[in-house]
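1. Return a 3D structure for these sequence lines:
(chains A, B, C and D)
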4 protein chains.
Amino acid sequence: MAWQQQLSASHGCRITVFDADLSKREGVEAFADQVIQACDAVDVLVNNAGFFEPGSVHDEPEGTLERMLDSNLLSAYHLTRRLLPGMMARRSGHVFNICSVASLQAYPNGGAYSISKWALLGFSRNLREEMKPHGIKVTAVHPGATLTASWDGFDIEPTRIMESGDVAAMITAAAGLSPQACVEEILLRPQLGDL
Amino acid sequence: MAWQQQLSASHGCRITVFDADLSKREGVEAFADQVIQACDAVDVLVNNAGFFEPGSVHDEPEGTLERMLDSNLLSAYHLTRRLLPGMMARRSGHVFNICSVASLQAYPNGGAYSISKWALLGFSRNLREEMKPHGIKVTAVHPGATLTASWDGFDIEPTRIMESGDVAAMITAAAGLSPQACVEEILLRPQLGDL
Amino acid sequence: MAWQQQLSASHGCRITVFDADLSKREGVEAFADQVIQACDAVDVLVNNAGFFEPGSVHDEPEGTLERMLDSNLLSAYHLTRRLLPGMMARRSGHVFNICSVASLQAYPNGGAYSISKWALLGFSRNLREEMKPHGIKVTAVHPGATLTASWDGFDIEPTRIMESGDVAAMITAAAGLSPQACVEEILLRPQLGDL
Amino acid sequence: MAWQQQLSASHGCRITVFDADLSKREGVEAFADQVIQACDAVDVLVNNAGFFEPGSVHDEPEGTLERMLDSNLLSAYHLTRRLLPGMMARRSGHVFNICSVASLQAYPNGGAYSISKWALLGFSRNLREEMKPHGIKVTAVHPGATLTASWDGFDIEPTRIMESGDVAAMITAAAGLSPQACVEEILLRPQLGDL
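-> Okay, here's the model as predicted:
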């Protein structure tokens, strides 16, 4: 892929891409196996898989919540559980869970998406406490509206929405702190507020 | 049942009991059907089904989270969605979701239970916003340790844990307010704090 | 006063009223002295003094925050500190702090009022932890818009705003639980949301 | 000062230091005047003045809360209000309020410090909402224990506490995002948790 070669060249690092469908359990397992085989160590795990569909908890289509839980919660839960033993053995690693502003308050048309992101925060907070003595950091990131494929088809003014680089910059900063500091939560929104 | 007859006699009201396994989707459907057939109207729905197992998100047995979501989240989600249309048609009703202190912060040995209760709070908060214009109240109740069957087998001093009547008293009070007032959250704990 | 005699008659209890300006330190002291002299024991203390002025933190008049802190925070802080020793000696008592929805999130035109109510919640949360071993309960109550003198002069539809009796009913319920149960937080709003 | 010359040399920038006692209103005014005279524009304002004294809200010495409010809340409130008009005229600027983990939950021996930091968060949250349309960003930073002069005299293992550079790194990252992105909250703690 072009972006992969560009990044490799500009940063002088090796980039490996695996295709995976993390909404399915077997996809998570296969991806975890590939990562474990390819990497000596996982230093940073960013749980960012997920998707958004507007809806309301009281009348969204049957099956919506189950699909949202599969993609937005169970993907991160099972992948993390597969990669943690290696991190715990090395007493090192940093897990970022990309939650959402919809993890913290009801979101108009959030529906099952909001429930799944709320659950992801519950996972993140409990994991943080459990990993304290193991030397592994856990950070919950709550981005508001960010220009990703989730917004394809919406007519958005670019100045009204965050860039994915904004989220990445905060993650990079948090990943670079001294070993004894753990960023627990980062909440960021469009300057003009939620869309 | 004895308690049923006692309550009927002392309060002069009709009590009907349905056995249901709400951890299974067909159990939810059957229970909803029975309720709809037996009741002219559902005035108060208390989503209290659920169970607790101590554990840690990083090493609890495979399948724990899925079972917790089934019992503690999807039971309430699907049952509420089945009973809401009747409430919305009458523009009246009150849904109480029995969340937990584990819905609000990491709980030692909370594990998947905490994730499921966090998700239940997400459901409750979104439902509250959605139901505002429909005249239906939604309340999230967060009890700490309460003497129920969940604590069977633990050696608990009675003065160290709340009685289920404490939770019931707060629900009764919240259900009796003026039509224009909605209790959104109630948090109660043992006086001496979490167990 | 007429309401005083009515209440005394209907409830068969003695009611004593003290006039006090709790926005001034000497008013707090005088009131505390009167209470201590008149009461064998303080079972329930409801810190409800305070006032609201719409404004914005960035341009409200000079001195606004200082006055809000005096009325809405320091009144409760100093009065509670004066009455606590008696409660602690008896290992019994219940302090209710009437915070606000403006203690939990930015409130349009909340201004210094919101800051003072946020601070009152900080006081309440810390006091709750400190009083755990002393047998004294502490509850933070967060009412949204309630029909009190604060709304005099505003044109409010009665169905759009809570009654003070709604708040009182929740406090009464919380004050009546078993000794081992402490309601920590109650959040209630108009059914249709914030005004 | 040596550090000042070092920083100037290594970063090629001009550094100006003003001594100020921000616990006193006249100190705030004098400092604001100096800043306004010396700077063409204030791009970033970090409200970090404040001090900590261990204590309990129920028995800390008389006057403690008033002093904490002066240093930890009113300093930031009045200084920000003095510098905001220039920022608003340019539609640009970023205010960081250094709150605390004690802004979010009761802190053992937090006492009046916790109340003042809670109030500072209330200021920050309201200011954030007010400044949205003015193009000015507002960020609340919640550091746990950080090795500063506040900990002089305590016997702290260096690996148990964060470095001030950890907090600075997160602020620097947040200050460098795209104009349309605003970091609202950053929470960071020692990896091993609160001290």
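2. what residues are up against A:T64?
-> The neighbours of A:T64, taking CB atoms under 8 Å, 6 or more residues apart in numbering or on different chains as the test, are A:53, A:55, A:111-112. C-beta coordinates here come from the backbone N, C-alpha and C atoms, glycine included.
3. which one in those residues is the model shakiest on?
-> Ranked by pLDDT, these bottom out at A:E53, which has 92.
4. Am I right that that one falls within a strand?
-> No: assessed by DSSP: H, G, I helix; E, B strand; the rest coil, A:E53 does not belong to a strand; its assignment is coil.
5. shouldn't it be in contact with A:S116?
-> No: contact between A:E53 and A:S116 fails when scored by CB atoms under 8 Å: they sit 10.6 Å apart.
6. of the two, who's got more company?
-> Taking other CB atoms under 10 Å in any protein chain shown, A:E53 and A:S116 do not tie; A:S116 has more neighbours (30 against 14).
7. That one falls within a helix, correct?
-> Yes: assessed by three-state DSSP, A:S116 belongs to a helix.
8. tell me, what's touching A:E53 and A:S116 both at once?
-> A:M68.
9. which other residues reach stretch A:9-21?
-> Outside of stretch A:9-21, the residues within contact range by CB under 8 Å, 6+ apart are A:1, A:4, A:7-8, A:27-28, A:30-31, A:34-35, A:38.
10. Please save the CA atoms from it in CSV.
-> Coordinates of the C-alpha atoms in stretch A:9-21 are reproduced here as CSV (Å, rounded to 0.1, in the frame of the first residue of the first chain):
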residue,chain,number,x,y,z
ALA,A,9,10.4,5.6,4.2
SER,A,10,9.7,8.8,6.2
HIS,A,11,10.0,7.2,9.6
GLY,A,12,12.6,4.5,8.8
CYS,A,13,10.5,1.8,10.4
ARG,A,14,9.0,-1.5,9.4
ILE,A,15,5.2,-1.5,9.0
THR,A,16,3.2,-4.6,8.8
VAL,A,17,-0.5,-4.7,8.0
PHE,A,18,-2.9,-7.5,8.7
ASP,A,19,-6.5,-7.5,7.4
ALA,A,20,-8.9,-8.6,10.1
ASP,A,21,-12.6,-8.6,10.8
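11. So for that stretch, what gets flagged as buried?
-> By neighbour count, with 16 or more other CB atoms under 10 Å in any protein chain shown as the criterion, the buried positions of stretch A:9-21 are A:A20.
12. Same check on stretch A:125-139?
-> Applying 16+ other CB under 10 Å to stretch A:125-139 flags A:125-132, A:134, A:136-139 as buried.
13. Shouldn't A:G153 be within a helix?
-> No: assessed by three-state DSSP, A:G153 does not belong to a helix; its assignment is coil.
14. Please report the number of neighbouring residues for it.
-> Other residues near A:G153 come to 7 when the count uses other CB under 10 Å.
15. Now do it, the pLDDT please.
-> A:G153 carries a pLDDT score of 79 in this model.
16. Tell me how many other residues crowd A:A102.
-> As a measure of burial, A:A102 has 27 neighbours, counting by other CB under 10 Å.
17. One more: A:G86?
-> Counted with other CB under 10 Å, the burial measure for A:G86 works out to 16 neighbours.
18. Can you tell me, leaving aside adjacent residues, what's nearest to it?
-> Distances taken as CB to CB, 6 or more residues apart in numbering or on different chains place A:V42 nearest to A:G86, at 6.3 Å, with adjacent residues excluded.
19. Show the contacting residues for the one you found.
-> By CB under 8 Å, 6+ apart, the contact list for A:V42 reads A:35, A:83, A:86-87, A:93.
20. now these as JSON lines including pLDDT?
-> Converted to JSON lines, those look like this (pLDDT from 0 to 100):
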{"residue": "A:V35", "pLDDT": "97"}
{"residue": "A:L83", "pLDDT": "98"}
{"residue": "A:G86", "pLDDT": "97"}
{"residue": "A:M87", "pLDDT": "98"}
{"residue": "A:G93", "pLDDT": "98"}
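21. Quickly note the distance from the spatially most central residue of chain A to A:G144.
-> In chain A, the C-alpha closest to the average C-alpha coordinate belongs to A:N48, at a distance of 2.5 Å (CA atoms, centre = their mean). Between A:N48 and A:G144 the distance, using CB to CB, to the nearest Å, works out to 15 Å.
22. No more questions from me, cheers.
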